[in-house]
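> pasting the sequence and the predicted coordinates here, then a few questions.
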Amino acid sequence: MKRIFLIGYMGAGKTTVGKILANLLGLSFIDLDYYIEGRYHRTVSQLFAEKGEDDFRMIERKMLHEVADFENVLVSTGGGTPCFFDNMEVMNEKGKTVYLKVSVEELANRLEVCKATRPVLKGRSGEELICFIAENLEKREPFYQQAAVVFEAEDMMTEQDVQHISQSLAAIL
Ligand code: S3P
């Protein structure tokens, strides 16, 4: 029985790599954000807006505990998931955690173009976005570093890069 949790900052490639990796390893793929959205019939942005971040984090914890009991799954978590409550301990207890590590500069480049669906980044761009990511990542890094595997996922420009990263990970998991 295999259970893998992909963790890392927003824009690290958890969903993109997760889908391919799950396929390579013959595991079911679960994206925790989509799982939450399906269960609550609300987008993550709506949950943030209607209930606030504290309530979202409680929902996220509850849903994480649920999927952490599924067998033969690869779970792609939200960027904040490992950093609240006992979530990181739960993931380390229940399966193998993999941190996709990407630099602040690269994250900022990726997130500048796809931040609309991420309420945490709302209204931030340019220099302000870079500063926010740098500060936020510094706070989150101690949680991410508790992962069983830390994997550099900086180069993800092309489809070939994504395949290469997924294959390298599949070989060690
Ligand atoms: C968040 C990351 C998002 C989502 C929510 C909060 C965060 O997931 O869970 O918007 O606090 O980093 P992704 O990392 O999949 O974007």
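Cool, got the structure. On a predicted model such as this, the values are computed, not experimentally measured, just so you know.
> drop to CA atoms for contacts and neighbour counts, all remaining ones
Will do.
> ok, residue 68 - contacts?
3, 90, 91, 94, 95 (C-alpha atoms under 8 Å, 6 or more residues apart in numbering).
> do you know the pLDDT at residue 73?
At residue 73, the model reports a pLDDT of 98.
> and residue 78, by the same measure?
In this model, residue 78 is scored at 98, pLDDT.
> which parts of this structure sit against the ligand?
Within the chain, the positions near the ligand by C-alpha under 6 Å from any ligand atom are 9, 10, 33, 78, 79, 80, 118, 119, 120.
> try 8 Å
8-12, 14-15, 31-33, 44-45, 60, 76-81, 117-120 (C-alpha under 8 Å from any ligand atom).
> among those, which ones are in helices?
In this view, the residues of the chain next to the ligand that belong to helices under DSSP state H are 14, 15, 32, 33, 44, 45, 60.
> can you redo those as CSV with distance to residue 172, pLDDT and neighbour count?
Below are those laid out as CSV (distance: C-alpha to C-alpha, whole Å; pLDDT from 0 to 100; neighbours: other C-alpha atoms under 10 Å):
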residue, distance to residue 172, pLDDT, neighbour count
14, 17, 98, 25
15, 19, 97, 22
32, 23, 98, 19
33, 26, 98, 19
44, 32, 97, 20
45, 35, 96, 19
60, 28, 98, 23
